[in-house]
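Peer 1: test case, fold it:
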Amino acid sequence: MTYTLGIPRFTGSGIPAAGVPAGGSSTLTIGAVPGGDVASPSQTGLLLMYRDSKTEREASQILVF
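Peer 2: This is a model prediction of the structure:
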């Protein structure tokens, strides 16, 4: 696995700094980082972490094709 800190393959943006309230919604924009495909070829998507979730439901993965 190869991942270069500071040069990810993908990044997410558009989520409010305060987060999204339970039952709310927001648009997540996923973008490719220039040079990230070479610097971090093992990154296949994003991992969303939930602060106040139920046990074993703390994250969701988003695969990017």
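
Peer 1: leaving out sequence neighbours, find the closest residue to the residue nearest the centre of the chain.
Peer 2: Central residue of the chain (Cα atoms, centre = their mean): Leu46, 3.2 Å from the mean position. Using Cβ to Cβ, 6 or more residues apart in numbering and skipping residues adjacent in sequence, the residue nearest Leu46 is Ile62, 4.7 Å away. All C-beta spots, glycine's among them, are computed from the backbone N, C-alpha and C.

Peer 1: mind listing the helices for the protein?
Peer 2: Taking DSSP state H as the criterion, the chain contains helices spanning 36-39.

Peer 1: can you list the low-confidence ranges for it?
Peer 2: Along the chain, no part satisfies pLDDT under 70.

Peer 1: and the gap between the closest residue to Ile7 other than its chain neighbours and Lys54?
Peer 2: Excluding its sequence neighbours, the residue lying closest to Ile7 (Cβ to Cβ, 6+ apart) is Ala39, at 3.9 Å. Counting by Cβ to Cβ, to the nearest Å, the gap from Ala39 to Lys54 is 35 Å.

Peer 1: neighbour count winner among these two?
Peer 2: Ala39 (17 against 7; other Cβ atoms under 10 Å).
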